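Asks: sequence first, predicted coordinates after that:
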Amino acid sequence: MGLGWFGAPEHNRWLADETHALLRFARGAAVPAGFGWIGSDGEVDTSHPVELWITGRMTFAFSLGALMGIPGCRRFADHGVRSLSKVMRDHERGGWYSAVRHDLDAEGRGVPVDPDGRKECYQHAFVMLAAATATAADRPGAHELLREAMAAQDRYWWDDTYGMPVESYAADFTDPEAYRGINAAMHTVEAYLAATDVTGDITWLTRAVQIIDFAVNVQARANGWRLPEHYDTSWHPRPDYNKDEPAHPFRPYGVTPGHGLEWARLTVQARGALVARSLPVPDWMLDAAEELFERARLDGWRVDGAPGFVYTTDFNGEPVVHERMHWVVCEGVSAAAAIRRALLDDGRGEIEVEHYEHCYRSWLDYAEEFLIASPGVWTHELDRDNRPSTRTWAGHPDVYHALQTTLIPRLPVWPAMGQALAEARLDKPAAHIPIKAQPARRRGLFGRP
């Protein structure tokens, strides 16, 4: 086995330097209403409004920086909490606007780009993630923001009939969309895991595992570990959805290998949360994470004659969109680190984790060669020849994926990142409780057949 990078002082120094650089770069996104879209020149691109998902992600990022004690991050985390609490909230109808203008009104509130625009599960998930992480950092107003975000999840987004989230509503929370998406469900899982660790309320963990059960143990398993992205309101797959718009930034046609990697990471993180609480652990979780990881690697990595992950494939694993998105390799690095750690915590040996070491090194080398234009500046999209592209993404919208890539290798699988940093677990990634999984043999344990 080659020299391992995990835990090596100089490797951790490289990760830490990139963490700091990303957070320095992210400061340029701050605008009065929240955080804007950073353009290719490093300045806010005012052709984009202030979007809820970006403000949520940036608040999450600066809250992590505050937890690490990086000077300056607290004021940006606080700016994000204020923006989510006051500026981007719909104070009359509930929930949060998807986008507001850059400048505030006379009362210091945001001016929605479209007051009657739809409210989206995907975007609200990042409000909850930001609020939970800011709460872990004990930022002013974060606790109240988290209570509001959790109340909105209970009232609007959680559909107990299917044990899955609703996709979107009209502005007044009527007219639910006749569509369900695995992307919004995935980020809901992430938010629920963060909320579990901050609040201690296992309702959120139970729901997160229920979503994972459906997405991973039911849908991915039934489709050769290629997870369908799009569904009808009864959660039946819609395999031809957006076939005429295959490179859609949020709802692309076909299979997205990057989401397979992301679900693999979330699966082992949820499993860690169950183990930590001595709750029954479905016996499929770790194996399923490895299956998802391997299918995404085989379908996505270096499959068209050049290094990098293709954006999408069809259901036979053939590439559809060849562009390389930075977030996909970020999720590959993070998944490799998380699965490796989960295997070690489970008592596996070095030989069993060597594959993940190799993938981790290869994909970070790719990021260093092709994606990182300068410290903290990650090109968000490349073409199939690894040249900068703007087919789907222009500029550098946020630092969310890249920042996690620099931190997950230094943290334990559980708890969630904010709580792990609050517990001073940085560079102490080994499980701090005995791993004694309690297998729950029946599939669909958390409400799905």
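Replies: Thanks, I have it.
Asks: what about Asp103? Give its phi and psi, please.
Replies: phi -100, psi 150 (degrees, to the nearest 10).
Asks: what number of residues lie near it?
Replies: Asp103 has 11 neighbours, counted by other C-beta atoms under 10 Å. Glycine gets a C-beta too; all of them are placed from N, C-alpha and C.
Asks: do the one 10 residues further on as well
Replies: Counted by other C-beta under 10 Å, the residues lying close to Val113 total 14.
Asks: which residue is nearest the middle of the chain?
Replies: His187 (5.6 Å; C-alpha atoms, centre = their mean).
Asks: show me what contacts that residue?
Replies: 122, 125-126, 129 (C-beta atoms under 8 Å, 6 or more residues apart in numbering).
Asks: could you rerun that using 6 Å?
Replies: 122, 125 (C-beta atoms under 6 Å, 6 or more residues apart in numbering).
Asks: hang on, it in a strand?
Replies: No. Counting by DSSP: H, G, I helix; E, B strand; the rest coil, His187 is not found in a strand; it is helix.
Asks: the closest residue to Arg101 other than its chain neighbours: how many residues sit nearby?
Replies: Spatially, and ignoring its direct neighbours in sequence, Arg101 is nearest to Val111 (4.5 Å; C-beta to C-beta, 6 or more residues apart in numbering). Look at Val111: counted by other C-beta under 10 Å, it has 16 neighbours.
Asks: looks to me like Val111 is in a helix.
Replies: No. Assessed with three-state DSSP, Val111 is strand; it does not lie in a helix.
Asks: could you measure from it over to Tyr97?
Replies: 9 Å (C-beta to C-beta, to the nearest Å).
Asks: ok, Leu344 next?
Replies: Applying C-beta to C-beta to Leu344 and Tyr97 gives a distance of 44 Å.
Asks: what about these two, which has more around it?
Replies: Higher neighbour count among Leu344 and Tyr97: Tyr97, with 25 against 20, using other C-beta under 10 Å.
Asks: tell me the helices and strands packed up against the helix or strand where His124 lies.
Replies: Assigning secondary structure by DSSP states H and E places His124 in helix 121-136. Taking 3 or more C-beta pairs under 6 Å, 6 or more residues apart in numbering; DSSP states H and E as contact, the helices and strands that helix 121-136 lies on are helix 52-67, helix 142-152, helix 182-199, helix 417-422.
Asks: now it, how far from the centre of its chain.
Replies: 11 Å (C-alpha atoms, centre = their mean, to the nearest Å).
Asks: could you measure from the nearest residue to Val353 once chain neighbours are set aside over to Val275?
Replies: The shortest distance from Val353 to any non-neighbouring residue, by C-beta to C-beta, 6+ apart, is to Arg340 (4.6 Å). Going from Arg340 to Val275 by C-beta to C-beta gives 16 Å.
Asks: kindly report the same for Val329.
Replies: From Val329 to Val275 the distance is 28 Å (C-beta to C-beta).
Asks: residues in contact with Glu319?
Replies: Heads up, residue 319 is Pro, not Glu. Contacts of Pro319 (C-beta under 6 Å, 6+ apart): 303-304, 310, 313.
Asks: what bridges to it?
Replies: Thr313 (DSSP bridges).
Asks: so what's the residue count around the spatially closest residue to Asp383 that is not a sequence neighbour?
Replies: Of all residues not flanking Asp383 in the chain, Ser389 sits nearest, at 4.1 Å (C-beta to C-beta, 6+ apart). Ser389 is flanked by 19 other residues according to other C-beta under 10 Å.
Asks: equivalent analysis for Glu350, please.
Replies: Neighbour number of Glu350 under other C-beta under 10 Å is 11.
Asks: now do it, the pLDDT please.
Replies: Listed pLDDT for Glu350 reads 81.
Asks: if I look at it, how far off is Glu357?
Replies: Glu350 is 9 Å from Glu357, by C-beta to C-beta.
Asks: ok, Leu426 next?
Replies: From Leu426 to Glu357 the distance is 20 Å (C-beta to C-beta).
Asks: looking at the helices and strands packed on helix 121-136, which one is packed in the most?
Replies: Comparing these by mean neighbour count (mean count of other C-beta atoms under 10 Å), helix 52-67 ranks first with a mean of 28.
Asks: quick one: average confidence on stretch 367-376?
Replies: On average, stretch 367-376 scores 98.
Asks: my error: substitute stretch 386-403 in the last question.
Replies: 93.
Asks: pull it out as CSV, backbone CA atoms only.
Replies: This file holds the C-alpha atoms of stretch 386-403, laid out as CSV (Å, rounded to 0.1, in the frame of the first residue of the first chain):
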residue,chain,number,x,y,z
ASN,A,386,-10.9,20.2,-19.2
ARG,A,387,-11.0,23.8,-20.4
PRO,A,388,-13.2,26.3,-18.6
SER,A,389,-16.8,26.2,-19.8
THR,A,390,-20.0,28.1,-19.0
ARG,A,391,-22.6,25.7,-20.6
THR,A,392,-24.3,25.2,-17.2
TRP,A,393,-22.5,27.4,-14.6
ALA,A,394,-20.8,30.7,-15.2
GLY,A,395,-18.5,32.1,-12.5
HIS,A,396,-18.1,30.8,-9.0
PRO,A,397,-21.5,30.9,-7.3
ASP,A,398,-20.4,29.7,-3.9
VAL,A,399,-17.8,27.7,-2.0
TYR,A,400,-20.0,25.1,-0.4
HIS,A,401,-18.8,21.9,-2.1
ALA,A,402,-15.1,22.8,-2.2
LEU,A,403,-15.0,23.9,1.4
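Asks: going forward, count from 609.
Replies: Right, with 609 as the first residue, what we last looked at is stretch 994-1011.
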